[in-house]
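Undergrad: okay, predicted coordinates and the sequence, questions at the end:
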Amino acid sequence: MAGPRDPAERCSCRNTNCVERPLRRLFEGLASGVAACPWPFVLVPLLLSGGLGAGFVFLPQRQENDIEGQFTPTWGPAKAERDFVRRHFPTNDSERFSAARLPTEGAYAALIAVATNGASVLDAAPWAEVVRLNATVHDAEYKRLCVRTDGGCASPNELLSRWGDAGPQDPRSLPFPVNDSVFLGTALGGVETDGGRVLRARALKLQYYLREDGPEAQDSRQWLEGFLQNISSKVAELRLGSIQVTYFTSLSRQQEFEGNTKSVIPLFSITYFLTITFAIVSCLRLSCIRNNTWLASCGVLSSGLAVLSSFGLLLFCGVPFVVTVANAPFLILGVGVDDMFIMIASWEQSLRKKEKSNVKSLLAETYSEAALSVTITTLTDVLAFFIGTWTAFPSVRSFCLYTGTAFIFCYVYTLTFFGAVLVLNHKREQGNRHWLTCMRVDVGKDQAESSCLYNACCIGSSSRQPSEPEGDHPMNVFFKKYYGPFVTNKWSKVLMVLLYGAYLASSIYGCTQIREGIDLRNLANDASYIIPYYDDNDKYFSTYGPRVMVAITESVDYWNESVRLGIENCAQNLENISYVDKNLTESWLRVYTAIGKRGLININSKTDFLNNLNVLFGIRHSFEWDINKTQDEIEASRFFIQTVNVTSAVDEKNLLNELREAAKQCSIPLKVYHPAFIYYDQYLVIVQNTIQNVVVAAGAMLVVSLVLIPNPLCCLWVTFAIASVIVGVAGFMTFWNVNLDSISMINLVICIGFSVDFSAHISYAFVTSGESSANKRAIEALSLLGYPVLQGAVSTILGVVVLAAASTYIFRTFFKIMFLVILFGALHGLVFIPVFLTFFGNFGSSPHNTMSISLEHRFRNDKDCP
């Protein structure tokens, strides 16, 4: 019968290693299998990766880079509002086009002409060039495909149809922003007025709409593609001197966004080169036998196989591939190399123990210590990503699913493929074979006295002879003799506490200033032609915002005066919003009511109200498109309000909230809609989704830590570090001009997993230390793990640093936040956590200090990779 269990092995509030022990035994069994027969563990991952990698043939079919579909909430209210508008107010581009009444932004090409030298675009010379520019676009194919109203192509600008080639006789007589019931706020920009009359206008916008509701839709797309290809050369041929022209189409955002992935492909080769170089240099040895170059290369290869397998599998399964997923390989490479360092470090540590003689016992000890640490960090990272799939943004779901799956494969291949490589490499060393040629190397004392370079290339030490013990790495000496005593000094602690106070205060302030939502221009390349267009549009046409459709969604008794009064009260409540200009509302019911009040018609009975609508349509035929009328009912109707001064994401968010709240409070069932609201909807859920994912993931991390890390105090400090790093990253990303959007949300989820990596190992080494004082325990923890934590941070940064040179916001944002995550994570692990632990040195001392410190090996490659 087994004897009583040692008290140090029993589960308790201070010793929670109930799960750790079974896992150790499991890993030791796996190690025995790998050591006994390594070749299957090498070949199977290679064959599996080759087979799953065939899934990349489906990549063109799986790419889903639709901006609306991927970067807006799946169940956003505006999408339901758009469906309502489409059902009740169908468009007819061939006969009765109205841009303001479109349920989408439409198919169009746009030009903004800005007068040069501070002139007015309405002056004779600029106007003549605008006319020439318009004639260039009006080719025969455009005239076939253009949207139509009143029997001809809809004018790209109301002033062109009004004045023609001759131009304005007296621009100062032009009323603004409304002229003869025509709204000019989107036609003229940079306008200076005097008493409602135009003094000068710096810019003019031309919008060429094409049909998209019939068989001509595909032809319209082809015309727009041709427009983008030829417009630059056509404008150059015109030799315009009085105006500068920028251009844009309804296809531009999507095309530029889809081109982002291609721009980052060259960076993959640079990243792999940097990572392989770093791994080889870190693991280089001045011995042609014990050189770990192949181990380093195979460690990087293991990460590459994980990407190939995971991506191929998900492509086989039909998971959408979004451009944000292109960030994942950079991250996986950095983490995979980190795991490689752990395995090599633990392996070399096992080799130093004289009692371990055969490869099975060596690998078993390596796995029992390193594999548990890799399991903890992989599990926390994978949980963080899979929790991230609960978001309302499809782009985030795809990224988290691809990356989480890749982390699983990376973990499996580290324990199988790389473990087998360790065994094969050990057998090569046992046979005194050269690291490159695998030829047997002779050993002789006389030869060993040659130069270091000669020894590194040609001479080895016999594996059957006891090797000399290796000294501490210089960086470990630095952390033990210099850095550790410095941070545990009384005055240094005061300085560190003040520094943390400044960090926390700055972070909290940054969180209060955080900007929400994705700027659509950021989806394009920095050098894209759409950036100047957006700049001109913001500079000259930002005074007037979206022209919002207000729909009455149910059939009501419009002929009842009290109902009309209720609708009018609702309209006034909407107009009282600070972002709405009450003088620019366009309402068929107001005009109809005014006609009735003048006694010209009767609108107070159902029959008269419906029959006299033709009188209203005769005054303004476009009102007919605002009423969904059956034979004896009005099922729905709409009117329009004009927004102003919507110039920032905050304005967009406030506008949408205030409009919907006013509509909700109305006694009449209303919906407010504009195509831009599809994108504004992200403001309603981005903060909620981010907080939800972060809180749930942090809770999961705490549970994992309590189960797998056998010390509750250590788990407490891990939780503290997670919260502190998240606050820091969220706050400082504001200072680095990064908005809280679906892209940065991805990185905040990543933040949780990486926060665990740096804090868990320092705090665990502290609480399991056998030193007598808190300061000595902190110094020992830093001497063991200070340099490995630093090296782990560097390896991860190297995996993403090339993205800093990317010409696209998506990839630069990924780098910025990952840099902040790693910087603040390492700062907590190396500075704040050691200092704070010394304040609580008398609490949380582990009852099993003599047990193997498995987490110590999370980064412990310092002695093995000089």
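TA: That came through, no problem. Numbers count the residues shown, from 1 in each chain.

Undergrad: most distant residue from the centre of the chain?
TA: Farthest-out residue of the chain from its mean C-alpha position, per C-alpha atoms, centre = their mean: Gly599, at 60.7 Å.

Undergrad: what bits of the stretch 401-550 of the chain have low per-residue confidence?
TA: Residue ranges of the stretch 401-550 of the chain with pLDDT under 70: 434-438, 442-473.

Undergrad: that one: helices as residue ranges?
TA: 419-430, 445-448, 452-458, 474-478, 484-487, 490-512, 530-540 (DSSP state H, counting those that start in this stretch).

Undergrad: and for the stretch 51-200 of the chain?
TA: 59-62, 67-71, 77-88, 124-137, 140-145, 158-163.

Undergrad: for Ala805, find the nearest of these.
TA: In terms of C-beta to C-beta, the element of those nearest to Ala805 is helix 67-71, at 23.7 Å. To be clear about C-beta, it is placed using only N, CA and C from the backbone, and glycine gets the same treatment.

Undergrad: same for that closest one, what does it pack against?
TA: On a contact count with 3 or more C-beta pairs under 8 Å, 6 or more residues apart in numbering; DSSP states H and E, helix 67-71 meets helix 252-258, helix 394-413, helix 677-680.

Undergrad: how much does the longest one deviate in direction from helix 419-430?
TA: I take that to be helix 394-413. For helix 394-413 against helix 419-430, the angle by axes from the mean of the first three to the mean of the last three C-alpha atoms, to 10 degrees is 40 degrees.

Undergrad: now helix 394-413, how far from the centre of its chain.
TA: 14 Å (C-alpha atoms, centre = their mean, to the nearest Å).

Undergrad: by contact count, what packs against it?
TA: Using 3+ C-beta pairs under 8 Å, 6+ apart: helix 394-413 touches helix 67-71, helix 293-316, helix 328-351, helix 372-388, helix 742-767.

Undergrad: can I have it written out in CSV, keeping just the CAs?
TA: The C-alpha coordinates for helix 394-413 follow below in CSV (Å, rounded to 0.1, in the frame of the first residue of the first chain):
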residue,chain,number,x,y,z
PRO,A,394,-16.6,39.1,-38.5
SER,A,395,-13.0,40.4,-39.2
VAL,A,396,-12.2,39.9,-35.5
ARG,A,397,-13.8,36.5,-35.5
SER,A,398,-11.8,35.3,-38.5
PHE,A,399,-8.5,36.6,-37.1
CYS,A,400,-9.1,35.0,-33.6
LEU,A,401,-10.1,31.7,-35.1
TYR,A,402,-7.1,31.4,-37.5
THR,A,403,-4.6,32.6,-34.8
GLY,A,404,-6.0,30.4,-32.0
THR,A,405,-6.0,27.3,-34.2
ALA,A,406,-2.4,28.1,-35.3
PHE,A,407,-1.3,28.4,-31.7
ILE,A,408,-2.7,24.9,-31.1
PHE,A,409,-0.7,23.5,-34.0
CYS,A,410,2.3,25.4,-32.9
TYR,A,411,2.0,23.8,-29.5
VAL,A,412,1.5,20.3,-30.8
TYR,A,413,4.4,20.6,-33.3
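
Undergrad: now the angle from it to helix 372-388?
TA: 160 degrees.

Undergrad: okay if I get the helices and strands packed on helix 67-71 as a markdown table plus mean neighbour count and distance to Thr690?
TA: A markdown table is the format used below for the helices and strands packed on helix 67-71 (neighbours: other C-beta atoms under 10 Å; distance: least, C-beta to C-beta, whole Å):
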| stretch | mean neighbour count | distance to Thr690 |
| --- | --- | --- |
| helix 252-258 | 18 | 22 |
| helix 394-413 | 25 | 10 |
| helix 677-680 | 22 | 17 |
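
Undergrad: for these, give me CSV that also has distance to Lys653.
TA: Listed next are those as CSV, based on distance: least, C-beta to C-beta, whole Å:
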stretch, distance to Lys653
helix 252-258, 21
helix 394-413, 19
helix 677-680, 7
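
Undergrad: tell me which of those lies nearest to Pro320.
TA: helix 394-413 (5.3 Å).

Undergrad: angle of the closest one against helix 742-767?
TA: 40 degrees.

Undergrad: with distance to Ala110 added, can I get the helices of the stretch 401-550 of the chain in JSON lines?
TA: Below are the helices of the stretch 401-550 of the chain laid out as JSON lines (distance: least, C-beta to C-beta, whole Å):
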{"stretch": "helix 419-430", "distance to Ala110": "58"}
{"stretch": "helix 445-448", "distance to Ala110": "76"}
{"stretch": "helix 452-458", "distance to Ala110": "65"}
{"stretch": "helix 474-478", "distance to Ala110": "58"}
{"stretch": "helix 484-487", "distance to Ala110": "59"}
{"stretch": "helix 490-512", "distance to Ala110": "36"}
{"stretch": "helix 530-540", "distance to Ala110": "7"}
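
Undergrad: quick one, which of the ones you listed is packed in tightest?
TA: Among the helices of the stretch 401-550 of the chain, the stretch with the highest mean neighbour count (mean count of other C-beta atoms under 10 Å) is helix 419-430, at a mean of 20.

Undergrad: other residues contacting that helix?
TA: Residues from elsewhere that reach helix 419-430, judged by C-beta atoms under 8 Å, 6 or more residues apart in numbering: 30-31, 34-35, 38-42, 289-290, 292, 294-295, 298, 343-344, 347, 359, 362-363, 366-367, 435, 438, 463.

Undergrad: can I assume Ser155 is in contact with Arg148?
TA: No - counting by C-beta atoms under 8 Å, Ser155 does not reach Arg148; the two are 11.0 Å apart.

Undergrad: distance of Val644 relative to Ile797?
TA: 46 Å (C-beta to C-beta, to the nearest Å).

Undergrad: what do you get for Ile342?
TA: In terms of C-beta to C-beta, Ile342 sits 18 Å off from Ile797.

Undergrad: neighbour count for the two, which is higher?
TA: Ile342 (24 against 19; other C-beta atoms under 10 Å).

Undergrad: nearest spatial neighbour of the more buried one, skipping sequence neighbours?
TA: Ala370 (4.8 Å; C-beta to C-beta, 6 or more residues apart in numbering).
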